[in-house]
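Undergrad: kindly return the folded structure for what I paste below:
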Amino acid sequence: MDFLRYADQAAALVNAEPADPEALIAHLADREWLHEQVTPRDVRALRAFCGRLRAVFEASEERRVADVVAGLNELLVEHPVTPVISDHDGVLHLHVADRSASVADLLVGEALMGLATLVCDLGPTRLGVCSAAPCRRVYVDTSPNASRRYCSERCSSRANVAAFRARRRAAVGGPA
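TA: Numbering: from 1, shown residues only. Next comes the predicted model:
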């Protein structure tokens, strides 16, 4: 299992907020083998899950450690993960669910295992919500000094340009 990749995929799932099977399939673009298994039930389950998972990212952003841990623990109790050993690539490795699991169960399991491992290894304040207004996308901060504030380089650049222009306006005393 690549827990960091699972944590990043959890953030991508929250950001995707799939509203219908087609949107979920688009989110799973790089996992074509799951496309035929997507059902409206998966979409409903994932929308509810993503709303609760966003609250965990928001608690982390606000440094509410107890809420991060409690939120993940509640989700882990509601969505038990049962890892299985697989050898489909000729190498033994773990998957978070067997092949009979639904798409929603698979994605929920990956998200929870990835985020729980990340929180235990790097700390409960490594999840965030983009600081660039009006963006509300979530991200996983794996930077060495836990300094990430934006979901992407695009948002970082946009925020830096806006701050520069605001400073310039203030220095000149008018619009820039």
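
Undergrad: what's stretch 33-52 in contact with?
TA: With C-beta atoms under 8 Å, 6 or more residues apart in numbering as the test, stretch 33-52 has contacts from 13-14, 17-21, 23-25, 28, 71, 74-75, 79, 102-104, 106-108, 111. The C-beta positions use only the backbone N, C-alpha and C, and glycine is treated the same way.

Undergrad: wait, stretch 89-103
TA: Contacts of stretch 89-103 (C-beta under 8 Å, 6+ apart): 1, 6, 24, 28, 34, 37-39, 41-42, 45, 81-87, 105-106, 109-110, 113.

Undergrad: if we go to 7 Å?
TA: Under the contact criterion C-beta atoms under 7 Å, 6 or more residues apart in numbering, stretch 89-103 has outside partners 1, 34, 37-38, 42, 81-86, 105-106, 109-110, 113.

Undergrad: which of the contacts of stretch 33-52 fall within strands?
TA: Among the contacts of stretch 33-52, none falls in strands (DSSP state E).

Undergrad: list buried residues within those residues.
TA: Buried members of those, scored by 16 or more other C-beta atoms under 10 Å, are 13-14, 18, 21, 24-25, 28, 71, 75, 102-104, 106-108, 111.

Undergrad: next step: the contacts of stretch 89-103 restricted to strands.
TA: The members of the contacts of stretch 89-103 that map onto strands under DSSP E are Val84, Ile85, Ser86.

Undergrad: among these, who's most crowded?
TA: Counting neighbours by other C-beta atoms under 10 Å, Ser86 leads the ones in strands among the contacts of stretch 89-103 with 13 neighbours.

Undergrad: OK, contacts around that one?
TA: Counting by C-beta under 7 Å, 6+ apart, Ser86 makes contact with His93, His95.

Undergrad: any idea how far His93 is from it?
TA: 6 Å (C-beta to C-beta, to the nearest Å).

Undergrad: now swap in Leu46 and tell me
TA: The gap separating Leu46 from His93 is 24 Å, by C-beta to C-beta.

Undergrad: higher neighbour count, those two?
TA: Between Leu46 and His93, counted using other C-beta under 10 Å, the more crowded position is Leu46 (25 against 11).

Undergrad: with only the CA atoms kept, save whichever strand or helix holds that one in CSV.
TA: Element membership of Leu46 [criterion: DSSP states H and E] is helix 40-61. Provided in CSV are the C-alpha atoms of helix 40-61 (Å, rounded to 0.1, in the frame of the first residue of the first chain):
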residue,chain,number,x,y,z
PRO,A,40,-25.4,5.6,-8.2
ARG,A,41,-25.1,4.0,-4.7
ASP,A,42,-21.3,4.6,-4.8
VAL,A,43,-21.9,8.2,-5.7
ARG,A,44,-24.4,8.7,-2.8
ALA,A,45,-22.1,7.0,-0.4
LEU,A,46,-19.0,9.0,-1.5
ARG,A,47,-20.8,12.3,-1.4
ALA,A,48,-21.8,11.7,2.2
PHE,A,49,-18.3,10.5,3.1
CYS,A,50,-16.6,13.4,1.4
GLY,A,51,-18.7,15.9,3.4
ARG,A,52,-17.5,14.3,6.6
LEU,A,53,-13.9,14.0,5.4
ARG,A,54,-13.9,17.7,4.4
ALA,A,55,-14.6,18.5,8.1
VAL,A,56,-11.5,16.6,9.1
PHE,A,57,-9.4,18.7,6.6
GLU,A,58,-11.0,21.9,8.0
ALA,A,59,-10.2,20.8,11.6
SER,A,60,-6.6,20.1,10.7
GLU,A,61,-6.4,23.5,9.0
